[in-house]
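1. I'd like to go over a predicted model; first the sequence, then the structure.
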Amino acid sequence: MIIAIDGPAGAGKSTVARIIAQKLGFLYIDTGAMYRALTLKALERKINAKDIPALIEMARSTNIDLTNNQDSSLKILLDGRDVSSPIRQPCITRLVSDIAKLKGVREIMLGLQRKFGKLRDSVLDGRDIGTVVFPDADKKFYIDAEFSVRVRRRYKELKELNQDVTLKDIEKDLRNRDNIDSTREFAPLKKADDAIYIDTTSMAIGEVVNKVLSYIQ
Ligand code: DC
């Protein structure tokens, strides 16, 4: 069984996807983390974000693997190294949308995401799961929230990771990423026609989880 959860950054989809996967005993696949791992490698290799052939070549020769910890949180391996924590750094967040918009990079990630999703029953979260990666997913959700609420949630999340950020930084980052992710040419962020839309603006995480579970069951 494949459950697809899409939506913009900060809407709560990763938390919901992880809890759902844990409750159902499914594999949790955070596809954004895969683009983040590639971005980390590009930064480490000092590959210019405008050097598209070099980025595609790098993606082709990169080994990305993922597993889940006991609590279903994601462990992501970049060429065998656990990068679960460094991929959350602000320098990655700032650059990731520019790398994720490249067609050649997306094609490589698409193959991997489909491979992971076919291994086991899975919950995938991302931007194009219900539209492109698994258009035949058993259940599709589009999780959204008002912009100001997404900013506050992301701020709280990053503060918990001890990151030195301001609300203004987050606001700027989310606006920029929303814009790149939803206007890019290939696989833009979009609700699939058959996805269930959930506006989480005034919902607590537990309520969202219950709502998603009620549709699945
Ligand atoms: O969900 P996130 O913030 O970790 O995602 C990081 C970036 O990756 C986000 O800006 C958009 C991109 N992404 C994508 O293009 N397609 C996906 N399926 C998942 C994420």
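-> Received it, and whenever you're ready, just let me know what you need.

2. any residues of this protein in contact with the ligand? List them.
-> 9, 31-33, 35-36, 96-97, 100, 126-128, 177, 181 (C-beta under 6 Å from any ligand atom). C-beta here means a position set from N, CA and C on the backbone, and glycine is covered the same way.

3. any idea of the pLDDT on the nearest residue to I205 once chain neighbours are set aside?
-> In space, and not counting its chain neighbours, I205 is closest to T15: 5.7 Å by C-beta to C-beta, 6 or more residues apart in numbering. pLDDT, T15: 93.

4. wait, what's in contact with the residue nearest to Q163 when sequence neighbours are not counted?
-> In space, and not counting its chain neighbours, Q163 is closest to P90: 6.5 Å by C-beta to C-beta, 6+ apart. Counting by C-beta atoms under 8 Å, 6 or more residues apart in numbering, P90 touches 158, 163, 165, 169, 173.

5. ok, now how distant is P90 from the ligand?
-> 12 Å (C-beta to the nearest ligand atom, to the nearest Å).

6. show me where the protein has helices.
-> Along the chain, counting by DSSP state H, helices occupy 13-24, 31-44, 52-60, 90-100, 103-119, 147-160, 167-183, 205-216.

7. the residue nearest the centre of the chain: what's it in contact with?
-> Per C-alpha atoms, centre = their mean, the C-alpha nearest to the average position across the chain is that of G32, at 2.8 Å. By C-beta under 8 Å, 6+ apart, the residues touching G32 are 14, 96, 125-127.

8. one more pass at 6 Å, please.
-> Contact analysis of G32 by C-beta atoms under 6 Å, 6 or more residues apart in numbering lists G126.
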